[in-house]
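S.K.: Below is the structure, and that's it, no one-letter string:
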């Protein structure tokens, strides 16, 4: 229970990586605040499930990460924020000259600007308590690029840069800021894409995973939400107190190429 007594706010955390990170932090003893833009019974049920399984306090707070004021209100509503995990993100694929302006604006707002707004409110709370951790869930695409993903790649590169600036501004304080850069992670969203990809290429499941979906991931294995969660817990622990302003790649060797 290395994080007992801490409160963690995880944006975009009612599924996938965000939910996995929330469970990992709760198992390490942190109280958690889940978030997404919906306000359904099942969202609140997820928080109750975490609380029941881990014994921590868990809450769900609705906030639309495309709106700066709601990003800021989320941190205020949380009350405490010792650990901030900026995870919310969306994607759209199109060539630059055909990329819809509204998609560009939404991706930049949710994947990058939201982290600025939440961090701006969280840092004073961390300073009041004399301790803090900012973990930004970036991407291998925060370190490299692919065609047709201009907004996502621009936002994730920006998130890496924001992590570095946050680290420099807090370097003489007991606060750290880092970015985790996952490759392809096996989330429910990715799992749902496998059958269609199999049909498109006429391949079996394992073949389409290794030859198509994980073509750029040398390990030919998906990362897991548990691995991203464990990396987050490590960065929040005392043994990582001198790790700040850097990136940790969980990408099966993608960015080593």
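M.R.: Thanks, I have it. Note that the structure is a prediction, hence the values are computed from the model and not measured. Numbering: from 1, shown residues only.
S.K.: Secondary structure element for residue 108, which one?
M.R.: In this assignment (DSSP states H and E), residue 108 forms part of helix 101-108.
S.K.: Return the set of buried residues in stretch 194-205.
M.R.: Going by neighbour count (16 or more other CB atoms under 10 Å), the buried part of stretch 194-205 is residue 198. To be clear about C-beta, it is placed using only N, CA and C from the backbone, and glycine gets the same treatment.
S.K.: Outside of that stretch itself, list whatever touches it.
M.R.: 208-209, 211-213 (CB atoms under 8 Å, 6 or more residues apart in numbering).
S.K.: And stretch 112-129, by the same measure?
M.R.: Taking CB under 8 Å, 6+ apart as the rule, stretch 112-129 contacts 9, 11, 65-66, 68, 71-72, 74-76, 80-82, 84, 86, 88, 132, 134, 136, 154-156, 158-159, 162, 166, 170, 173, 175, 177.
S.K.: Which of those residues are buried, as a ChimeraX select command?
M.R.: Here is the ChimeraX command that picks out the buried ones among these, judged by 16+ other CB under 10 Å:
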select :9,11,65,66,68,71,72,74,75,80,81,82,84,86,88,132,134,136,154,155,156,158,159,162,166,170,175,177
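S.K.: Can you tell me the number of residues neighbouring the closest residue in space to residue 185 that isn't next to it in sequence?
M.R.: Leaving out its chain neighbours, the residue that sits closest to residue 185 by CB to CB, 6 or more residues apart in numbering is residue 223, at 4.7 Å. Residue 223 has 23 neighbours, counted by other CB atoms under 10 Å.
S.K.: how about the helices of the stretch 1-150 of the chain, start to end?
M.R.: Using DSSP state H, counting those that start in this stretch, the helices assigned to the stretch 1-150 of the chain run over residues 16-27, 41-54, 68-78, 101-108, 114-129, 150-169.
S.K.: Please identify the most buried of those.
M.R.: Most buried of those, by mean neighbour count (mean count of other CB atoms under 10 Å): helix 16-27, with a mean of 25.
S.K.: and it with helix 41-54, angle?
M.R.: Helix 16-27 runs at 30 degrees relative to helix 41-54, counting by axes from the mean of the first three to the mean of the last three CA atoms, to 10 degrees.
S.K.: Give me the helices and strands touching helix 16-27, please.
M.R.: Packing partners of helix 16-27 (3 or more CB pairs under 8 Å, 6 or more residues apart in numbering; DSSP states H and E): strand 7-10, strand 31-36, helix 41-54, strand 83-86, strand 132-137, helix 225-236.
S.K.: Can you add distance to residue 245 and give these back as TSV?
M.R.: Compiled in TSV, the helices and strands packed on helix 16-27 are given as follows (distance: least, CB to CB, whole Å):
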stretch	distance to residue 245
strand 7-10	20
strand 31-36	25
helix 41-54	30
strand 83-86	15
strand 132-137	11
helix 225-236	12
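S.K.: wait, which of the ones you listed is closest to residue 256?
M.R.: With CB to CB, the closest approach to residue 256 among the helices and strands packed on helix 16-27 belongs to helix 225-236: 16.9 Å.
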